[in-house]
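Trainee: Quick check, what structure comes out for this input:
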Amino acid sequence: MGLLELSTNENEYLSWLILDALKEETRNIKGVVLENNKFCVTVHFRHVSNKDFSMLEELVTSVVDNFKEFRLSNGKKVFEIRPDIEWDKGHALEYLLETLRYGSSNDVFPIYIGDDGTDEDAFKAIKNRGKGYSIVVSSTEKDTMAFYSLRNPCDVKKFLSCLVSWKKGSN
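Mentor: As a prediction, the model looks like this:
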């Protein structure tokens, strides 16, 4: 099933069912934050104690097992529950460029900045395009498809400010 074949209403309905099931199952685990992102459900566990983590992981896996149309993936202190279709941040990047008619434009230079394992697909898409900057944000060295790195969000802000200043100066 392709992305366009999964109706928005059906996906939203299933996301709400998953969210309701997760609320019920995780109600006794302190620190869990649930988020409905329309096309996926995110379970944040940054504030969950180490002793409760494995129980949370089992509960989330159990809920997702009841919804065959969805799959579970891991991110930075999150579980993401997404439709089980071939779609990721790399596909989203390509989709946006093509939809906006910038896919083959020489006037557009994509820049993708991310700090999560789920961003690696977008870094790979930039690499495959042969044009653009992929930037991982991490205070520690890590294996990544990104071409460049910044240490923290403050560095991202400085980088973007420099980019804006450069653009203003070139006009």
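Trainee: Quick check: the closest residue to Tyr148 other than its chain neighbours vs Gly114, distance?
Mentor: Among residues not flanking Tyr148 along the chain, Ile135 sits closest, at 4.7 Å (C-beta to C-beta, 6 or more residues apart in numbering). Where C-beta positions appear, they are placed from N, C-alpha and C, glycine not excepted. Distance, Ile135 to Gly114, using C-beta to C-beta, to the nearest Å: 8 Å.
Trainee: next one: Asn36
Mentor: For Asn36 relative to Gly114 (C-beta to C-beta), the value is 21 Å.
Trainee: can you give me the strands in the protein?
Mentor: Listed in chain order, the strands of the chain (DSSP state E) span residues 33-36, 41-44, 70-75, 78-83, 111-114, 133-137, 148-150.
Trainee: Let me have those strands in TSV, adding mean neighbour count and distance to Arg27 as columns.
Mentor: Output for the strands of the chain, formatted as TSV (neighbours: other C-beta atoms under 10 Å; distance: least, C-beta to C-beta, whole Å):
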stretch	mean neighbour count	distance to Arg27
strand 33-36	14	10
strand 41-44	21	13
strand 70-75	16	20
strand 78-83	20	16
strand 111-114	18	32
strand 133-137	20	33
strand 148-150	16	38
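Trainee: Format the ones you listed as TSV; extra columns: distance to Met55.
Mentor: Listed next are the strands of the chain as TSV, based on distance: least, C-beta to C-beta, whole Å:
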stretch	distance to Met55
strand 33-36	16
strand 41-44	13
strand 70-75	16
strand 78-83	13
strand 111-114	29
strand 133-137	31
strand 148-150	35
